[in-house]
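A.B. asks: pasting the sequence and the predicted model now:
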Amino acid sequence: MKKWFLFPLGIVVLFVFTSYKKPHADKDERQAILQAITQTLQMAHYLEVRFDDNFSEKLFNLYLKRLDYGKRFLTKEDYDLLKQYYDKLDDQVKATTFEFYDLSVELLLKRTAEVESWYKDLLSTPFDFKVKEYYETDEEKAEYAANPAALKESWRKYLKYQTLIRLLDAYNEQAKMDTGTVKSFEELEKEARQKVLAAHEEFFARMKKLRDSDRLALYFNCIAGVFDPHTEYYAPKQKEDFDINISGRLEGIGATLQEKGDYIKVVRIVPGSASWRQGELKAGDIILKVAQGDAEPVDIVGMRLDDAVQLIRGKAGTMVRLTVKKMDGTIKVISIVRDVVIIEESLVKSAIITDEKTKLKIGYIKLPQFYTDFTRTGGNGCAADVKVELKKLMAENVDGIVFDLRDNGGGSLQDAVDIGGYFIPNGPIVQVRSRWGSPLLLNDQDNSVVYDGPIVFMVNVLSASASEILAAAMQDYKRAVIIGAPTFGKGTVQRFIELDQFIQGDITPKSSFGSLKVTIQNFYRINGSTTQLHGVTPDIILPDIYEYAKIGEKDLDYPLPWDNIKSATYTTWKYPVNINYLKTKSAERIAKNEYFNKITEYASFLNTQNQNTNQVLTFEEYKKEMDEFNKKSEAYKNMDKEISSMKVSPLATDLITLQKDTAAMARAEEWHKEIVKDQYLYEAINTLGDIKKK
């Protein structure tokens, strides 16, 4: 049987490359790699690849954005000089020439050297934090400085802003101290400047170590990225890191990270990892500093991702302290003991939930990811494991089942198809279309139904790929009620292609030429609509903290468009529920629910804060703003309170096993404590109650 594996939700890192070394990559090699990339794209990409003026414009914009994301090095003069190639890059790519690329590197190296000659002088004297001026903190809103003089002024404000952040942190920390030497404002300001100086000394030192292959990788990655955000060039070292992350064998904290401008952002927490078990690090967090145990933190703002990862990674059992900026703007230090991923924690698991108010006995299934064939442990794919859990829950005579796909970034599509088949007699689950040929139907081949009772599927914005396929199928069949927030919107599948096989001529590389991860297929619901871009809209939409956050497929560069094809032939479930009735009942509860009202307010509050990006640089006003902000943020914390009517217990068959394993019992008890605070899960249970009443 053919197997599809949808890469779990995650965004591969792209670097901002600057260096003082002149580009001297082997001319023949870089031409050969570029030719191999273009041939692979034309041969394998889902779309018909055209190197035309439209491609040129997209490449120009994407490359300039990633080359100097914060517009902190290039000037408007430099931009105008590069703009002459705006509609000529398609010709250069086809001819495997690099005039534009070489010029961009030359200009960037020149400006980087100029900035390095300024920043120490700018940090040598105290900043006047009584002068009212502003710095634009949103890199996308920033504009290119008109000339070198304007660039120097922009850097003065940037360094002043960085100093202001550290100054307020030190000021607040000192205010909390009961004893000790009290430092003057001037002393605190000097120490803050010294920290900014040290951070930038490290930054420029790292820039000097960049290789020619690093700079070329950025350019090649942008060429690939024009076609869609999941088509990416991997230099050999990047591919090695990807393989480590996919395998789950890496010892560390277990988080997928993305470099965006100067910052390292958390994209996904790996199920079963140290971060996942610790629970405080979340998708959307920005990592500012990294400390080894009790050592002094290292500022990673402006650090390349691969360098930052080396600081974050480490042997199992060692501690790393991450200073992170949360989505609400607050700063938090999170201590995580590094560990290998505990495979058992990433597997499907279930529990029994009884509710005193509704008098329901509910089966709860949590599927963190669509795993398949853990050959190292001899385990099954998730479909086989889900069937086992379903049968155990049915043996407990549950009134209904909640199937939780929240934060599930995807994985094995075949397992998603098999799981969908457990709830219907037979029929298609998803349509798969390649660039050539008709759509292929992936069907449930088994005429039996494992579970035919009421079921609710839970999703959120981090439910992606295979999760969306399963939820969409259940929605189209009217087999289940989908509840939560609109999903991520990734409806594509990729495969890796080694570029060495496309190298022409007598070139013998020193090592591999790298790989290209190419989008080769699109997935469609059985109703003909793709999950690409739009994702799955739940039948019942609940308030969500990520409502305004830009973390979906639609927020990436050049995503494939939404489209549709002919609907497959399928028969809806014989016992459909009244969705309108369920929506009405849920809306009535949500309106009275203090938790969800606060979530709505909090999401709006975060959105407002994220819009206010032009930061004042006076100490008193900045402190006042942050004090007010932290006060409001504090009001929204600790909202997760235990729901007194919910009782959670392991299944009878599981309890026997757990009683023989104290560590497993402890993990189960911790999980149960989380469940009884989950307002979203409780609303799903209430919806099951409405289904039973109707």
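C.D. replies: Looks like it arrived, so ask away.

A.B. asks: from here on, just use CA atoms for contacts and neighbour counts.
C.D. replies: Noted.

A.B. asks: and the helix or strand hosting Asp121, what does it pack onto?
C.D. replies: Assigned by DSSP states H and E, Asp121 falls within helix 99-122. Secondary-structure packing of helix 99-122 (3 or more Cα pairs under 8 Å, 6 or more residues apart in numbering; DSSP states H and E): helix 76-83, helix 148-176, helix 185-208.

A.B. asks: tell me which of these lies nearest to Arg479.
C.D. replies: Proximity to Arg479 (Cα to Cα) singles out helix 148-176 among the helices and strands packed on helix 99-122, at 52.4 Å.

A.B. asks: from the contact counts, what lies against the closest one?
C.D. replies: helix 99-122, strand 134-136, helix 185-208, helix 619-635.

A.B. asks: and the strands in the stretch 201-350 of the chain, which stretches?
C.D. replies: Counting by DSSP state E, counting those that start in this stretch, the segments of the stretch 201-350 of the chain that form strands are 232-234, 255-260, 263-269, 286-292, 298-299, 319-325, 331-337, 349-355.

A.B. asks: take those and write them to TSV, including distance to Glu553, mean pLDDT and mean neighbour count.
C.D. replies: Below are the strands of the stretch 201-350 of the chain laid out as TSV (distance: least, Cα to Cα, whole Å; pLDDT from 0 to 100; neighbours: other Cα atoms under 10 Å):
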stretch	distance to Glu553	mean pLDDT	mean neighbour count
strand 232-234	15	91	27
strand 255-260	14	76	22
strand 263-269	12	80	23
strand 286-292	19	88	22
strand 298-299	30	82	20
strand 319-325	23	88	22
strand 331-337	27	86	18
strand 349-355	28	96	21
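
A.B. asks: what would those look like in CSV with distance to Phe403?
C.D. replies: Formatted as CSV, these follow (distance: least, Cα to Cα, whole Å):
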stretch, distance to Phe403
strand 232-234, 33
strand 255-260, 24
strand 263-269, 20
strand 286-292, 30
strand 298-299, 41
strand 319-325, 32
strand 331-337, 29
strand 349-355, 9
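
A.B. asks: closest one to Ser529 among the helices and strands packed on helix 99-122?
C.D. replies: Nearest to Ser529 among the helices and strands packed on helix 99-122 is helix 76-83 (38.9 Å), distances taken as Cα to Cα.

A.B. asks: isn't Gly225 right next to Leu218, touching?
C.D. replies: No. Gly225 lies out of contact with Leu218 (Cα atoms under 8 Å); the separation is 10.1 Å.

A.B. asks: re earlier: angle of the helix holding Asp121 against helix 76-83?
C.D. replies: Per axes from the mean of the first three to the mean of the last three Cα atoms, to 10 degrees, the angle that helix 99-122 makes with helix 76-83 is 170 degrees.

A.B. asks: now do the buried residues in helix 99-122.
C.D. replies: Across helix 99-122, burial judged by 16 or more other Cα atoms under 10 Å covers 100-101, 104-112, 115, 119-120, 122.

A.B. asks: how much space separates the most centrally placed residue in the chain from Ser412?
C.D. replies: Centroid-nearest residue in the chain: Val267, 2.3 Å away (criterion: Cα atoms, centre = their mean). Separation of Val267 from Ser412 (Cα to Cα, to the nearest Å): 20 Å.

A.B. asks: likewise Glu133?
C.D. replies: 53 Å.

A.B. asks: can you redo the helices and strands packed on helix 99-122 as CSV with mean neighbour count and distance to Asp306?
C.D. replies: As requested, the helices and strands packed on helix 99-122 are exported to CSV (neighbours: other Cα atoms under 10 Å; distance: least, Cα to Cα, whole Å):
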stretch, mean neighbour count, distance to Asp306
helix 76-83, 15, 28
helix 148-176, 17, 23
helix 185-208, 18, 11
